[in-house]
Structure formats: structure tokens, C-alpha cells
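Enquirer: Structure of the sequence below:
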Amino acid sequence: MLGPMRITVVIPFRNAEATIERCVERLRSSSRPPDEIVLVDDASEDQGFERLSQIDGLIHIRNLDPRGAAYARNVGAAAGSGDVLLFVDADVLAQPDAIELIERRLEQDPTLGGVFGAYTAHTEPRNFASVYKNLVHHYTHRQSAGPIDTFWAGCGALRREAFQAVGGFDQSFAAASVEDIDLGYRLSAAGIKVEIDPRIQVTHVKRYTLAGLIISDLKFRAVPWTALMVRRRRFTPVLNLKPHNLIAAGLAAAALPVLAALLLLGLWTWAVALLGATLIGWAALNRGLLGFVLRTRGLPFAARFALMHLLSHVYSALGLAVGLLMAALSRPQNSRPA
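Expert: Numbering: from 1, shown residues only. Modelled structure (predicted):
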């Protein structure tokens, strides 16, 4: 890339009045501010767009009808002029050096098509569900540093030519779910290099409830991710799909019906033995994550974390099964990139 790098930040949002202004101000006060920020309001019903329109130096676009995050990001990318497109969620606060680190990494490796980061270890909401979700994401991305064939639009940058080479985000994703993973698959298939650099960090300010977390993990991650892998005929053991995660989820899910049958039959000794063996095996498979949480959060929190993570593996396995069933029952569909 010749000459100075020009970075355009694209932020899609819908009803983000509580966070969008802080998100923008954090970016503008970075050690390396973006050259332009494109805000795409996807038919919000709050006052976020009106308040942002009073801030000078921003590019404002408003969809009158909701079209989804994928569509909004494509519109924002087309409106910007940067040779690097940095996609940022409206509910994150970038660390001061995040853009500087992105620029430096892309300058260091001209063959690199894109780079994305991770959440910080701490999130603003302090309730258990939010902290749990954040820690899992932070640890998973930190342990996956380097080349990868996926993408994360929470804080992820792509050279414009790489983004355009694969047609941008697939606009058939009407709701925000795995459209960024899909983009990453297509980038990899096109031979475009993408990597995780966990030094690039943003703080997540979204508050999850326990029910909301489970619904989100199932409806917007496990089920559509499984269907996506079937549709793209692509499976790679990265992030949450690393072998130890899949084995742990399968172990936890498979043990439940057997344990229930043993209890119904009154075979208590066998039930206790199965439960103990399952928990030991599951903990061994997750020893890295559980050790990290224990060291950083202490034993009481780590115990609650372990129970929640065990539950997440059970319902994630269910989501995998549902996704496979849906893929089997649906007719093959061709992807429609933007």
C-alpha cells in the first residue's frame, strides 16, 4: 500500500442511544484517530441518530426500514473513502491504542488482508452473565492469536480490496448473527490472510441476562453457525470449535440422558460414578480456561463460572444438533453476497 494508510470506521447501530456516543468519542480520542467515521442507523426508534447528527465530522446514513447489520456495514463501507475498513460494534469502547495497533500490523505485513482483536478481560456490566460471556470471549481470542479463517466485526479491520474481493457481508443475514464468520470463511477460501491480534482490544458494555445469554448463544450463534458450516461445506477447528471444546460439549450432553436413566432405575452408585467421571473429564478438557478464571477471579467466582460453562456446553451441543437438523431439512440455498 503506497502512501499513508487511510482508515474508515464503520459502525452499524439500531437503538443504541445508550452507548453509541461513547463509542464514537473513544474512537476519536484514540492515539491514532480514524480518518473518518461512518455511522449507519438501521431504522432506530430511539434518539441516537438525532443526537449523533449534532456531532460534526461524521458521515451519517439512516435506513428507514431495518435491513440488518450486514446490509448496514456494506452501506457504510461504500460510503467511506478509506483503504482500510474498520468495523466496530456500537456497544464497545476501543482502547486508546486499538487503531494504532491495527495500522502497525497492516503496515508490517502487506500480504495481510485483515486483522481483528478481542474484548478486554473486564466488561462494564458487573452482573454474572455479562462477566461470564466476556471472559469466555476474551480468553478464546487470546488463545487463538495468529492466522485464522474467520472474522469478527466487533472490532475488525480489512483492506478495502480484500473486502471487495469477496463481495462484502452477505446481506441474506437479516439479523446480526454469524455474518462476520461467513465473511471470514469466504476470505479464507479466496486465499486472503486474516489474523487475530488480541492486543487490539475493546471493552464490551452490553449487559446480558442469563436467559438473554442462552437465547443469544443458541439463536444467533450455535444454530446459525452450524447451518453456515453445512452451507459453506467448511469446518475448521478454531475459536469455540477447537477439539477440546467439541469433546467437552459432547461429553456433557451425552452424560445427561445416561445419568437420568441411571437415576430412574435407582442405580445410584453408577449414577454418582458417571457424574464424577464426567465432571473430571470435562474439567480436564477445560483446564486452561478454568485455570485462567481461577487465577483472575478467585475460587467462588470460578465455581459459578464452571457450572455456567458446563451448562453452556450442554445447550451448545443442543444448538449444534438443531442446526444440523435444520440444514438437513432445508433445501440448499446459494449465498447472496452483497
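Enquirer: could you give the mean pLDDT of the longest strand anywhere in the chain?
Expert: The longest strand of the chain (DSSP state E) is strand 193-204. Per-region confidence: strand 193-204 scores 98 on mean pLDDT.
Enquirer: Any idea how far the helix or strand that L187 is a member of is from the middle of the chain?
Expert: Using DSSP states H and E, L187 maps to helix 179-189. Distance, stretch centre to chain centre, for helix 179-189: 13 Å (Cα atoms, centre = their mean, to the nearest Å).
Enquirer: how big is the angle separating it from strand 193-204?
Expert: 160 degrees (axes from the mean of the first three to the mean of the last three Cα atoms, to 10 degrees).
Enquirer: For E17, give me its contacts.
Expert: Each residue near E17 by Cβ atoms under 8 Å, 6 or more residues apart in numbering is listed here: 44, 46-48, 51. Backbone N, C-alpha and C define where each C-beta goes, glycine included.
Enquirer: elements contacting the one helix or strand L39 maps to?
Expert: For L39, the element it lies in under DSSP H and E is strand 36-42. The contact analysis (3 or more Cβ pairs under 8 Å, 6 or more residues apart in numbering; DSSP states H and E) places strand 36-42 against strand 7-13, helix 20-28, helix 48-52, strand 59-63, helix 69-79.
Enquirer: most packed of the ones you listed?
Expert: strand 7-13 (a mean of 26; mean count of other Cβ atoms under 10 Å).
Enquirer: which helices and strands sit right next to that strand?
Expert: Going by 3+ Cβ pairs under 8 Å, 6+ apart, strand 7-13 lies up against helix 20-28, strand 36-42, helix 69-79, strand 84-88, helix 98-108.
Enquirer: so the first one versus strand 84-88, what angle?
Expert: This points to helix 20-28. Using the same axes, to 10 degrees: helix 20-28 against strand 84-88 is 140 degrees.
Enquirer: Helix 20-28 versus strand 36-42: what angle between them?
Expert: 160 degrees.
Enquirer: what's in contact with the helix or strand harbouring V115?
Expert: Here V115 sits within strand 112-119, counting by DSSP H and E. With contact meaning Cβ under 8 Å, 6+ apart, strand 112-119 is reached by 92, 98, 101-102, 105-106, 134, 137-138, 141-142, 151-159, 162-163, 187, 192-204.
Enquirer: Please state the mean pLDDT value computed over it.
Expert: 98.
Enquirer: ok, now stretch 156-169?
Expert: On average, stretch 156-169 scores 98.
Enquirer: now do the same end-to-end measure for that stretch.
Expert: One end of stretch 156-169 to the other measures 13 Å (Cα to Cα, to the nearest Å).
Enquirer: Any buried residues in that stretch, and which?
Expert: 156-160, 162-163, 165-169 (16 or more other Cβ atoms under 10 Å).
Enquirer: Just flag the most distant two among those.
Expert: Checked with Cβ to Cβ, the buried residues of stretch 156-169 reach their widest spread between A157 and G167, with 17.9 Å between them.
Enquirer: Can you name the secondary structure element that comes next after the helix or strand hosting L228?
Expert: In this structure, L228 sits in helix 223-232 according to DSSP H and E. Counting by DSSP H and E, the element after helix 223-232 in chain order, helix or strand, is helix 243-264.
Enquirer: chain center to the helix or strand that that following helix is followed by, what's the gap?
Expert: Per DSSP H and E, helix 243-264 leads on to helix 268-285 as the next helix or strand towards the C-terminus. From the chain centre to the centre of helix 268-285 is a distance of 31 Å (Cα atoms, centre = their mean).
Enquirer: tilt between helix 268-285 and helix 243-264?
Expert: 170 degrees.
Enquirer: helices or strands up against helix 268-285?
Expert: Contact here means 3+ Cβ pairs under 8 Å, 6+ apart; on that basis helix 268-285 packs against helix 243-264, helix 299-329.
Enquirer: buried stuff in the last one?
Expert: If I follow you right, that is helix 299-329. Within helix 299-329, the residues that count as buried by 16+ other Cβ under 10 Å are 301-302, 305-306, 308-310, 312-317, 319-320, 322-323, 327.
Enquirer: can you tell me how far the closest residue to W270 other than its chain neighbours sits from L251?
Expert: Leaving aside its chain neighbours, W270 sits nearest to L262 (5.0 Å; criterion: Cβ to Cβ, 6 or more residues apart in numbering). Using Cβ to Cβ, to the nearest Å, L262 is found at 16 Å from L251.
Enquirer: Outside of the host helix or strand of N134 itself, list whatever touches it.
Expert: Assigned by DSSP H and E, N134 belongs to helix 128-142. Helix 128-142 is contacted from outside by 117-123, 125, 152, 196, 198, 204, 206-210, 212-213, 239-240, 288-289, 292-293, 296-297, 301, 304-305, 308-309, 312, using Cβ under 8 Å, 6+ apart.
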